[in-house]
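> Got a predicted structure here, sequence first:
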Amino acid sequence: MKGTLFSILIVSMLTASGVTPAIGNSDCAEPMPELFQRVSPSVVSISALTLDPFKISNRVSIAVGSGFIINNEGLVLTNSHVVFDHQAITVTLDDGRKTEAKLLGADPIFDLAVLRIPVPPEGHPTAALGDSDSVRIGQDVIAIGNPFGLEQTLTRGVVSGLNRIMPGSPVLTLPLIQTDASINPGNSGGPLMNRCGEVIGINTSILAEAQNIGFAVPINVAKSVIPELVKHGRVIRPWLGISGKLVKKELMGIINLPLVDGFLVETIDPGSPAQEAGIHGGVLPLTIAGTEFLLGGDIVTEINGQPVDNAENLLKVIGSLKVGDKVGLTLFHGKGTRSVELNLPERPLLPSDLHSSASNTLLPLKGRLMGFPLQ
């Protein structure tokens, strides 16, 4: 995936952390039954129990999902919304054996989590991690998981789209892989694989109103943060605290408001550096050609002197920021511009980050395919 919010770590770092690297992405014609037999033992079923102390009845809920073993040390990759903030996590291997799992780290932003289970038996298959940057629309893919508790279910399809942004979710604000391979509740955290049996994505969401429109987090995003999740238990990222979308001054021809090319600030997180700096959020909701805008806020035209008039520039600049940096923003509002400087703390976990993980469903995403937070 190009232009992720975090730099992709080199393969040697992944190897040093014990993650299985890609085995190559040549054309593969292994018969589907043999492919399934070879790769399915790396896929596990996950159940996570939560006890709500504030309820009088129905206090216990269980989230059910999938995951896959990524190395011989017992590391399992899955979705954050399957296991985050749960009291007990159980992993079931393909042969039916159950074992307790320890949550090493989770990131609700990218919806990724790493578990550790007792070291699998010698020779137990592990999933080979592919290269999501090389994925092409139309290529064959398979999904393996546990939809509705039906363990080791295989579905197949193609890559239907790339770089899908889901602003309907406060969490999944990174480019996702779209597929028509059937995924259902219980598939969360399971692998989306190419025909070579390499994992190219982690199944994470569906469009609730659609048929066979599912999404997976690109595996290169996971590979970039696995070492950090294992070491720190979280992904450490800087915090600006503003959300919105890119706009073009051509909108001036439609609405009678002064605009420039840049990032339109729509909402501001309470207590964030942006709020402390007096940055303005939007106040006027407006829908144009099916796209929702919250107008009236500042427009960020430059970050550290770099223009942010397109998505590529914006992601490049944001990806270069680190905790502790000072960042200068050039803001347009009304008919004038001003500059502000912010100190970037570590981004805290916000209420909007959390999925409703008390159910065993994939997150149903709604909304237009554009827009993301600068967080």
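Nice, I can see it. Numbering: from 1, shown residues only.

> And the next helix or strand past the lowest-mean-pLDDT helix or strand in the chain?
None of the helices or strands of the chain scores lower by mean pLDDT, DSSP states H and E than helix 11-16, at a mean of 34. The helix or strand immediately downstream of helix 11-16 is helix 32-39, counting by DSSP states H and E.

> pLDDT score assigned to Val19?
Looking at Val19, its pLDDT reads 52.

> Help me confirm that Leu229 is found in a helix?
Yes: according to DSSP: H, G, I helix; E, B strand; the rest coil, Leu229 belongs to a helix.

> For it, which non-adjacent residue is spatially closest?
Gly105 (3.1 Å; CB to CB, 6 or more residues apart in numbering). For every residue, glycine as well, the C-beta is placed using N, CA and C.

> partners of the one you found in the sheet?
For Gly105, the beta-bridge partners are Val114 (DSSP bridges).

> Name all residues that make contact with it.
Shown in contact with Gly105 (CB atoms under 8 Å, 6 or more residues apart in numbering): Ala113, Val114, Glu228, Leu229, Val230, Lys231, His232, Gly233, Arg234.

> Excluding covalently adjacent residues, which one is nearest to the fifth one?
Distance criterion CB to CB, 6+ apart; nearest residue to Val230, sequence neighbours excluded, is Leu104 at 5.3 Å.

> what about the one you found, distance to Pro227?
For Leu104, the distance to Pro227 equals 11 Å [CB to CB, to the nearest Å].

> Equivalent analysis for Gln275, please.
Between Gln275 and Pro227 the distance is 32 Å, computed by CB to CB.

> again with Glu30
31 Å.

> Which one's more surrounded, the two?
Comparing Glu30 with Pro227 by other CB atoms under 10 Å, the one with more neighbours is Pro227, at 18 against 14.

> as a whole number, average confidence for stretch 182-198?
93.

> quick thing: my sequence starts at 380, can you match it?
Yes, from this point I'll number from 380; that puts the last item at stretch 561-577.

> And the helices in the stretch 430-579 of the chain?
Applying DSSP state H, counting those that start in this stretch to the stretch 430-579 of the chain gives helices spanning 459-462.

> what are the ranges of the strands in it?
Remark: strands assigned in the stretch 430-579 of the chain by DSSP state E, counting those that start in this stretch are 439-448, 454-457, 467-471, 477-479, 481-486, 491-495, 507-508, 519-524, 532-543, 555-558, 570-573, 577-586.

> nearest to Leu693, of those strands?
Proximity to Leu693 (CB to CB) singles out strand 532-543 among the strands of the stretch 430-579 of the chain, at 13.9 Å.

> What strands flank that closest one, and is each parallel or antiparallel?
strand 519-524 (antiparallel), strand 555-558 (antiparallel).

> Next, format those strands as a markdown table and append mean pLDDT and mean neighbour count.
As requested, those are exported to a markdown table (pLDDT from 0 to 100; neighbours: other CB atoms under 10 Å):
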| stretch | mean pLDDT | mean neighbour count |
| --- | --- | --- |
| strand 519-524 | 95 | 24 |
| strand 555-558 | 92 | 25 |
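
> Just put these in CSV and tack on distance to Asp474.
Listed next are the strands paired with strand 532-543 as CSV, based on distance: least, CB to CB, whole Å:
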stretch, distance to Asp474
strand 519-524, 15
strand 555-558, 28
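
> Out of these, which is closest to Glu720?
Among the strands paired with strand 532-543, strand 555-558 comes nearest to Glu720, with 33.6 Å by CB to CB.

> Show residues contacting the closest one.
Here strand 555-558 makes contact (CB under 8 Å, 6+ apart) with 511, 514, 520, 522, 536-545, 571, 579-580, 583-584, 592-597.

> For PyMOL, write the select line for the buried members of these.
Here is the PyMOL command that selects only those of the contacts of strand 555-558 that count as buried (16 or more other CB atoms under 10 Å):
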select buried, resi 511+514+520+522+536+538+539+541+543+544+545+571+579+580+583+584+592+593+594+595+596+597
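
> Buried residues in stretch 667-674, which are they?
Buried-residue list, stretch 667-674, by 16+ other CB under 10 Å: Phe672, Leu673, Leu674.

> Surely the first one forms part of a strand?
Yes: remark: Phe672 belongs to a strand, assigned using three-state DSSP.

> low-scoring stretches of the chain, by residue?
380-405, 545-552, 629-637, 731-754 (pLDDT under 70).

> separation between the most centrally placed residue in it and Asp431?
Centrality entry for the chain: nearest residue to the mean C-alpha point is Phe489, 2.9 Å, by CA atoms, centre = their mean. Distance of Phe489 to Asp431, given as CB to CB: 26 Å.

> likewise Ala653?
For Ala653 relative to Asp431 (CB to CB), the value is 33 Å.

> Compare those two (neighbour count), which wins?
Between Ala653 and Asp431, counted using other CB under 10 Å, the more crowded position is Ala653 (26 against 11).

> quick one, what contacts the more buried one?
Neighbour list for Ala653: Leu619, Gly620, Ile621, Val644, Ile647, Leu721 [criterion: CB under 8 Å, 6+ apart].

> switch to 10 Å and redo it
Counting by CB atoms under 10 Å, 6 or more residues apart in numbering, Ala653 touches 618-622, 644, 646-647, 659-660, 677, 679, 708, 719, 721, 753-754.

> Same check on Pro504?
Applying CB under 10 Å, 6+ apart, we find Pro504 in contact with Thr399, Gln416, Arg417, Val418, Ser419, Pro420, Ser421, Val422, Phe447, Ile448, Asp473, Gly576.
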